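**Q** Sequence and predicted model, in that order:
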Amino acid sequence: MNNLKHEIALLGCWIALMLATMGTVYWGTHATSLTLQVMVIMLIAVFKSGVIIDGFMELWSAGSKWRLIMYGWPVLMAVVVGATLLTK
């Protein structure tokens, strides 16, 4: 029974990642402004990294230092990429 719960959780993660990817494609082609486009796509990227960290890597029970490192890196990268795209 525990294995079934694990498989359902992984399926939910996969579905969330697919929907987020479709959202990224939509916003990449239908944005009204570059700023809005970059902000939404970077937020989706951070959401996707959270799904991967908690769902696939199963770090929801890890210590606070590991969670800070694992969540801090995608947030930092999103800020750097977003700032680079918006300062052109």
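**A** Nice, thanks for sending it over.

**Q** what about I53, distance to Y71?
**A** I53 is 7 Å from Y71, where distance means CB to CB, to the nearest Å. All C-beta spots, glycine's among them, are computed from the backbone N, C-alpha and C.

**Q** the more surrounded of these two?
**A** It is I53, of I53 and Y71, that has more neighbours when counted by other CB atoms under 10 Å, with 19 against 16.

**Q** what sits against that one?
**A** Applying CB atoms under 8 Å, 6 or more residues apart in numbering, one finds that I53 lies in contact with L59, R67, M70, Y71.

**Q** Pick out whichever of these sits closest to L36.
**A** Y71 (23.7 Å; CB to CB).

**Q** what helix or strand is the closest one on?
**A** Assigned by DSSP states H and E, Y71 falls within helix 64-86.

**Q** and that helix, what does it pack onto?
**A** helix 34-51 (3 or more CB pairs under 8 Å, 6 or more residues apart in numbering; DSSP states H and E).

**Q** Could you give me the buried positions within the helix it packs on?
**A** Q37, V38, M39, V40, I41, M42, I44, A45, F47, K48, S49, V51 (16 or more other CB atoms under 10 Å).

**Q** Then stretch 62-78?
**A** In stretch 62-78, counting by 16+ other CB under 10 Å, buried: M70, Y71, P74, A78.

**Q** How about stretch 7-22?
**A** C13, A16, L17, A20.

**Q** tilt between the helix holding Y71 and helix 34-51?
**A** Per axes from the mean of the first three to the mean of the last three CA atoms, to 10 degrees, the angle that helix 64-86 makes with helix 34-51 is 160 degrees.

**Q** Identify all contacting residues around helix 64-86.
**A** With CB under 8 Å, 6+ apart as the criterion, helix 64-86 contacts 34-35, 38-39, 42-43, 45-46, 49-50, 53, 57, 59, 62.
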